[in-house]
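In: here is my input; please provide its structure:
(one chain, ligands or ions: 1)
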Amino acid sequence: MRKIVIAGNWKMFKTQAESAEFLSGFLPHLEETPSEREVVICPPFTDLSLVSQSLHGSRVNLGAQNVHWEESGAYTGEIAASMLIEIGVRFVIVGHSERRQFFGETDVSVNLRLKAAQKHGLTPILCVGETKQQRDAGETESIISTQLKKDLVDIDQTHLIIAYEPIWAIGTGDTCESKEANRVIGLIRSQLTNPLVPIQYGGSVNPNNIDEIMAQPEIDGALVGGASLKADSFARIVNYQ
Ligand SMILES: O=C[C@H](O)COP(=O)(O)O
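Out: Have a look, this model is predicted:
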């Protein structure tokens, strides 16, 4: 049976004070959340320590938004896996399209980051997805297939989550139709050696579309951006019907 994982990616939002306010509104809602659902929050690096302390004893897991492949060194602006582990991080987003688009990440660096995460016991959430232009050109399958082939070289598929995030659906309100997301996620699964890898959908997930998204048989969770920033909205998402 595949795991269900709902993760909130806060991107570059929330100060520590705002994180604390979010958690005081969000955590009480988890009493209604079925125990088999895994819930993850991925705050900015500066909030990780505080959020880690606040989550202690709760069922919510802590995630980070990136990890470097070296153990330490002169890599200004980067973070090592051991630093994340030390403060209680268990998951890490790798290869988000915003990292690929704005910060020059390539399939080679994504692969190195995945390996470093797994070496230290972090479960990576690998993001793949196509642009609007690639979709319109009928390249969705080939783009995703190439990303997977390159990103997953020598990667252990027992400690891995994949997020299918069509880039055109991120932060636009233009959700990928749930049956289409289901179809693409099925294609992703057919390329994996481990059929139990949870595969999430991400891209304008919100309280109004989560039920339909999670009703799709291939979709094992969601990677949520904007709608994970408000306690009520993220609570409704983790407590989908
Ligand atoms: O990591 C999350 C995704 O980029 C989705 O963001 P969004 O829910 O704001 O569209």
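
In: what about the residue of the chain found nearest the ligand, neighbour count?
Out: Going by Cβ to the nearest ligand atom, the ligand is nearest to G225 of the chain, at 2.3 Å. Heads up, the C-betas are built off the backbone N, CA and C, glycines and all. G225: 22 surrounding residues under other Cβ atoms under 10 Å.

In: same question for the one 3 residues further on.
Out: Other residues within reach of S228 by the criterion other Cβ under 10 Å amount to 28.

In: follow-up on the earlier one: contacting residues for the nearest residue to the residue of the chain closest to the ligand once chain neighbours are set aside?
Out: Excluding its sequence neighbours, the residue lying closest to G225 (Cβ to Cβ, 6 or more residues apart in numbering) is N9, at 5.3 Å. By Cβ atoms under 8 Å, 6 or more residues apart in numbering, N9 lies in contact with 42, 63, 65, 93, 96, 202, 223-225, 228.

In: and the residues you listed, which of them are in strands?
Out: Within those, residues falling in strands by DSSP state E are 42, 63, 93, 202, 223-224.

In: show the buried residues in those.
Out: Buried members of these, scored by 16 or more other Cβ atoms under 10 Å, are 42, 63, 93, 202, 223-224.

In: okay if I get those as CSV plus pLDDT and distance to V238?
Out: Shown next, in CSV, are those (pLDDT from 0 to 100; distance: Cβ to Cβ, whole Å):
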residue, pLDDT, distance to V238
C42, 98, 14
G63, 98, 14
I93, 98, 17
G202, 98, 15
L223, 98, 13
V224, 98, 9
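
In: now for these: which two are most distant?
Out: G63 and G202 (13.2 Å; Cβ to Cβ).

In: before we move on, the earlier item: who is the residue nearest to G225 paired with across the strands?
Out: Beta-bridge pairing for N9 (DSSP bridges): C42.
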